[in-house]
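>>> Based on what follows, work out the 3D shape:
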Amino acid sequence: MTQVDLRHEQNTHSTYQKDSHMHVFVTGGTGHAGSYIIPELITVGHEVTGLARSDTSAAALSALGAKVRRGDLEDLDGLKEAAADSDGVIHVAHRQDLLPSGGMNAVAAAELSIMLAYGEALAGTGKPLVAAGSIGSAGNLNLPATEEDPALPSGDEHKGTLRVRNVVETAVVGLAEQGVRSSIVRLPPIAHSTTDSAGFLPGLIALAQEKGFAGYPGDGANLWGAVHIRDVASVFRLALEKGAAGKYWHAIAEGEIPFREIAEAIGSRLDLPTVSVPEDVLVLPGYFGMFTNLVTMDLPATSLITRQTLGWEPAQPGLFADLDNGQYFPAG
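Next up, the predicted model:
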């Protein structure tokens, strides 16, 4: 996309919903991203209803300032009703409960059904549907992924891998053809904050503590991205308010961090050595376990189009600064 195209797109969509307050239905509102997205929406005057399947979730949503709708992700009719009752939907929930029995295939299949249900409820309305995606879905031939790279197709050979979820992203973007202002916000592997307890970063730190050294695969030159979760929340809000239909957005503040540098940062803060783990079929899983496939991925990406089109500018601390926030390495 040229600079002229970008300016035209920005001018076309920058005023959309900008001055009007919306009633937004949010799933996953008590999760890491959702608990920042809800306050982000409420602060600028939007009204939020969050989905809660338990009393605990309901109380957490209320504490964030949202209204509560009791229900769960298995009730597609309930989700359709909630979407129809709203001015837009932000979906960041996941069926993690399906992972132990059905793996990524089951998670993706369930999520696809949810997106198609939203599509039925929102078809022809022009209302926004913004869902979470992954920077790993984009195809790039040794070039940083951009917002114009579609999700790679996923076939039978990808069963059981993260790539099976690409069908969800493709479906959401495809809903634009049915009159839904749908878009995907792609997230990098690391979304950090003072409340990050279940992300990849805490997992890598726990591994280093368990093994006695901070490991990186091979030469550790593969690139990862990172973003503060509060900056992620801003992308979701901007995409909801003024993002065009059928787009991918990149919530990426830092798009090309060598994995080795992440390991070195963890090692230095834990006062542990940083060591290369050979990219061997036995040795690598011996250290990284369930993270093995992810840590070897090379995921460089840019967010230039998101910044220029939505007017997004990351304002929170970068990865290495945020590693010193007291959350990741508690004193004592």
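>>> how near is Glu81 to Glu177?
Distance, Glu81 to Glu177, by C-beta to C-beta, to the nearest Å: 23 Å. Yep, even glycine has a C-beta here, placed from its N, CA and C like the rest.
>>> An error on my part: the question was meant for Pro100.
36 Å.
>>> Mind checking which of the two has more residues around it?
Using other C-beta atoms under 10 Å as the criterion, Pro100 and Glu177 rank with Glu177 on top: 12 against 8.
>>> Can you give me the distance of that one to Gly246?
Taking C-beta to C-beta as the measure, Glu177 falls 8 Å from Gly246.
>>> which residues are common contacts for these two?
Taking C-beta atoms under 8 Å, 6 or more residues apart in numbering as the criterion, Glu177 and Gly246 do not both touch any residue.
>>> what's the single longest helix in this protein?
Longest helix of the chain, by residue count under DSSP state H: helix 99-122.
>>> Show me what that one packs onto, helices and strands only.
Here helix 99-122 touches helix 76-84, strand 88-91, strand 128-134, helix 166-174, going by 3 or more C-beta pairs under 8 Å, 6 or more residues apart in numbering; DSSP states H and E.
>>> redo that, cut-off 7 Å
helix 76-84, strand 128-134, helix 166-174 (3 or more C-beta pairs under 7 Å, 6 or more residues apart in numbering; DSSP states H and E).
>>> can you list contacts of that helix?
Helix 99-122 is touched from outside by 73, 76, 79-80, 83-84, 89, 94-95, 98, 129, 131, 159-162, 164-165, 167-168, 171-172, 175, 178, 180, with contacts defined as C-beta atoms under 7 Å, 6 or more residues apart in numbering.
>>> What of stretch 149-168?
103-105, 108, 111-112, 115, 134, 136-140, 169-170.
>>> Which helix or strand lies directly C-terminal to the worst-scoring helix or strand of the chain on mean pLDDT?
Least confident helix or strand of the chain, by mean pLDDT, DSSP states H and E, is helix 3-13 with a mean of 41. Downstream of helix 3-13, the next assigned helix or strand under DSSP states H and E is strand 23-27.
>>> So for that next one, mean pLDDT?
Regarding strand 23-27, the rounded mean pLDDT is 98.
>>> Flag every buried residue along that strand.
By 16 or more other C-beta atoms under 10 Å, the buried positions in strand 23-27 come out as Val24, Phe25, Val26, Thr27.
>>> ok, of these, which one's closest to Asn325?
Minimum distance to Asn325 across those is 25.4 Å, recorded for Val26 (C-beta to C-beta).
>>> Check the spacing between that closest one and Tyr328 real quick.
27 Å.
>>> Give me the contacts around the helix or strand hosting Ile257.
If you go by DSSP H and E, Ile257 is part of strand 254-258. Contacts of strand 254-258 with the rest of the structure, by C-beta under 7 Å, 6+ apart, involve 144, 220-221, 223-226, 300-303, 318-319.
>>> now, the most widely separated pair of these?
Gly220 and Ser303 (23.2 Å).
>>> So which of those two has more stuff around it?
Ranked by neighbour count (other C-beta under 10 Å), Gly220 and Ser303 place Ser303 first, with 29 against 19.
>>> what sits against that one?
Applying C-beta under 7 Å, 6+ apart, one finds that Ser303 lies in contact with His250, Ile252, Gly255.
>>> quick one: what helix or strand has the second one in it?
Ile252 is part of no helix or strand, with elements assigned from DSSP H and E.
>>> Near it, how many other residues are there?
Ile252: 30 neighbours (other C-beta under 10 Å).
>>> can you give me phi and psi for it?
Main-chain torsions, Ile252, degrees, to the nearest 10: phi -130, psi 120.
>>> Equivalent analysis for the first one, please.
With angles defined as degrees, to the nearest 10, His250 shows backbone torsions of phi -110, psi 110.
>>> measure it to His46 for me?
Applying C-beta to C-beta, the value for His250 to His46 is 23 Å.
>>> Give me the below-cutoff pLDDT ranges for this structure.
1-19, 140-141, 332 (pLDDT under 70).
>>> rerun that using 50 as the cut-off
Within the chain, the stretches with pLDDT under 50 are 1-19.
>>> which one is the spatially most central residue of the chain nearest to, not counting chain neighbours?
Nearest to the mean C-alpha position of the chain, counting by C-alpha atoms, centre = their mean, stands Leu187 at 3.7 Å. Computed as C-beta to C-beta, 6 or more residues apart in numbering, the closest residue to Leu187 that is not its neighbour in sequence is Ala251, at 5.6 Å.
>>> I am finished for the moment; much appreciated.
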